[in-house]
Every structure is written in C-alpha cells, then in structure tokens.
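Peer 1: Following is a predicted model, sequence given first.
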Amino acid sequence: MKYDVIVVGGGPAGLSAALVFGRQRRRVLLVDGGKVRNAPAAEMHMYLSRDGFPPARLLELGRSELVTYPSVEIRQGSVLSARGKKDDFEVELDGGAVERARRLVLATGQVDEPYPIEGLGERFGRGVYHCPFCHGWETRDRSLAVITRIPAETTLALYVADRFSDDVVLCTNGPLELPSLIAAKLAEKRVRVIETPITRVAGEPGALELHFADGSALTRQDLYHRAPTRQHSALAAELGCELNADGTVRVNELQETTVPGVAAAGDTAKLPAVPDAPTLVSLGAADGVRAAVWMDGDLFRSDLGLVPS
C-alpha cells in the first residue's frame, strides 16, 4: 500500500501534522522513534490551556486522539533511510520494512549537546535550562548562572538579569573576549563574569555547585546553558534537502523544503530569514499543522489535475 503521507517523528510537530491528515481522511503513517528533545523536562510552558503540563503527558494524549482516525497508523520505530521523489517516496524502517508514500513530513527534531563538563548534561532540563521563555518564570528571584563560550550568547545573562534575577553570574568556561558594549552592559547590570574553566557541576536543583579548575566553587539555584544542537536524523540531507548554516532544514513559509513533496516541521526546520527563531512546543505544533494543511492542499490539487504532480 502506498500512503498519502509518511510523517517521521512523534513529537508535537509530527503528531499535529498526522492529526490534520487524519481529519482530512488521508492515509498516513506516523513513525515514532520515541525520543523527544524535551524528555528530561517535567513541565512545558506557553502552550495555551497546558501551561505547566508534563510534556510526556501531552504526547500520550496526542497519540490517543490519533487512534480515533482510522486512516492514521502509528508505528513505533525509526526510519533508517529515505529516497525517491514527489509522489513516489520510499522509506526503510528498522526491522526491515519498506513503505512508500506520495509525500513526506520530517519532524525528527534536534538533539542538545551540552558542553562536556562533568555533571552538566545529566542535569539538563532539571536545574539546567536553555530558555528563559520556557523557564524564566520558575527561576525568578533566584541565584542564576549562565554558561556559554559564544560571545553573542552572553546576552542571555543580560536578559535573565534584566527580567528575572538581580544575582546573575556569567561563566565563560575559559577566557573569552567580550564585545565592549556587552561587557559594559554586564557591568551595568552587576553581572559578575568568571572566566575560569568549569570542571564539574554537582548538587540538585535549587542548590547546584559549579566547581572550577582553580579549586574555587560557586553555588547557584539554577543554571542556564544554551547547548549546541545537531539534527536528530540525517534523512533531510539524504533526501537532498538544503540545510541552513546551523544545520537545520531550510523551509519556506509553508514548511516546504527545497525538495518537492517533502516538508519539515518543528525544531528540525527553520526559515532562513529567522535564524534565531525559538524552539517551543507550541511553535512546533503550529509548524506541524501548517505543513499538513498546505501539503493536503497540494495533494488535492494534484489529484484533480489542477497542478502538475
């Protein structure tokens, strides 16, 4: 059987896309690898009616909603490879199954790769946070540290000092030449800068300890660290989709990639004109809906011969 669409990824973007297709009676296969970027987080925020909701529970509810649509199939597993062209794509799943579809939606997400500091990655999402939009309210009026080695990202320390705390320390994990304007603003906001390399992070949320190479230590209630990211899957590159400079998949306003018949949604994709777009659950879900609505329209027009397939 050839599906109308295969959706790769079972996070908010993929589930939302599959919901749209199911409601339009499209034959859709959702392949869910079960690994989502915000799995360590206990809560998600800025999702209307679900502020503070467990992200795992949101996905559970989403899957239960999809079951009510008979044209939607959910399959646990991973897509190992993909090839083909518009109206005739082929994907290989772990376990050996090969499935075909007229269109593909890639919602495979990104993977955070915290700096290789002992104890930092283990606390990511639990005392170590990447986004003040997601976690700023919960960390208000607490002692904070921001860890980054990227000059442009030192403004994160200014942001949390401006909005959420008057006790912020910027840790650069080694010498870092700051732009003069940023350095001046940090001093103005009374943000202390520590350049000594960090050897490890210990403790629990609310009482985290940063240990430095010179033997000193710093206690903070919470940390911010905008970790580098990479694509969770190489499928977009394998299909020939153009990538942005940061490795995300280049899409247009309709979530279409540069390969006809392939859309990308959620954290995996970005508009090139908005390289610093935030990665939020609500925006990922919206991307999935947008991709599916326009892709369904493309399928409809192709079926009626209104546009070349």
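Peer 2: All right, it came through fine.
Peer 1: and the longest helix for this protein?
Peer 2: helix 281-303 (DSSP state H).
Peer 1: which residues touch that helix?
Peer 2: Helix 281-303 is contacted by residues 4-5, 11-21, 24, 26, 38, 44, 46-48, 55, 58, 87, 102-103, 105, 107, 254-256, 263-267, 269, 277, 307-309 when judged by Cβ atoms under 8 Å, 6 or more residues apart in numbering. (Each C-beta comes from the backbone N, C-alpha and C, glycine too.)
Peer 1: Okay, and which of those residues map to helices?
Peer 2: Judged by DSSP H, the contacts of helix 281-303 include Pro12, Ala13, Gly14, Leu15, Ser16, Ala17, Ala18, Leu19, Val20, Phe21, Pro55, Leu58 as members of helices.
Peer 1: Can you tell me how far the residue nearest to the fifth one when sequence neighbours are not counted is from Gly119?
Peer 2: Right, Ser16. Once flanking residues are discounted, Ser16 sits nearest to Gly288: 3.3 Å by Cβ to Cβ, 6 or more residues apart in numbering. Here Gly288 is placed at a distance of 35 Å from Gly119 (Cβ to Cβ, to the nearest Å).
Peer 1: So for these two, which residue has more residues nearby?
Peer 2: Gly288 (29 against 18; other Cβ atoms under 10 Å).
Peer 1: Pull up the per-residue confidence for that one.
Peer 2: The score at Gly288 is 97. That number is its pLDDT.
Peer 1: try Gly305
Peer 2: Note on Gly305: pLDDT of 87.
Peer 1: on that earlier part again, pull out the buried residues from the longest helix of the chain.
Peer 2: Neighbour counts over helix 281-303 (16 or more other Cβ atoms under 10 Å) mark 281-296, 298-299, 302 as buried.
Peer 1: what's the angle from that helix to helix 12-23?
Peer 2: For helix 281-303 against helix 12-23, the angle by axes from the mean of the first three to the mean of the last three Cα atoms, to 10 degrees is 40 degrees.
Peer 1: okay, which residue is most central for the protein?
Peer 2: Asp267 (3.6 Å; Cα atoms, centre = their mean).
Peer 1: Can you list the strands that the longest strand seen in the chain pairs with?
Peer 2: Ranked by number of residues, the top strand in the chain under DSSP state E is strand 98-106. In the sheet, strand 98-106 lines up against strand 2-8 (parallel), strand 88-93 (antiparallel), strand 262-264 (parallel) (DSSP bridges).
Peer 1: can I get those strands in JSON lines with mean pLDDT?
Peer 2: Shown next, in JSON lines, are these (pLDDT from 0 to 100):
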{"stretch": "strand 2-8", "mean pLDDT": "97"}
{"stretch": "strand 88-93", "mean pLDDT": "96"}
{"stretch": "strand 262-264", "mean pLDDT": "98"}
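Peer 1: all strands of the stretch 101-250 of the chain, in order?
Peer 2: Taking DSSP state E, counting those that start in this stretch as the criterion, the stretch 101-250 of the chain contains strands spanning 110-112, 128-129, 144-147, 168-171, 192-194, 198-204, 207-212, 217-220, 222-224, 229-231, 249-250.
Peer 1: out of these, which comes closest to Ala184?
Peer 2: strand 192-194 (12.0 Å; Cβ to Cβ).
Peer 1: Buried residues of the closest one, list them for me.
Peer 2: Ile194.
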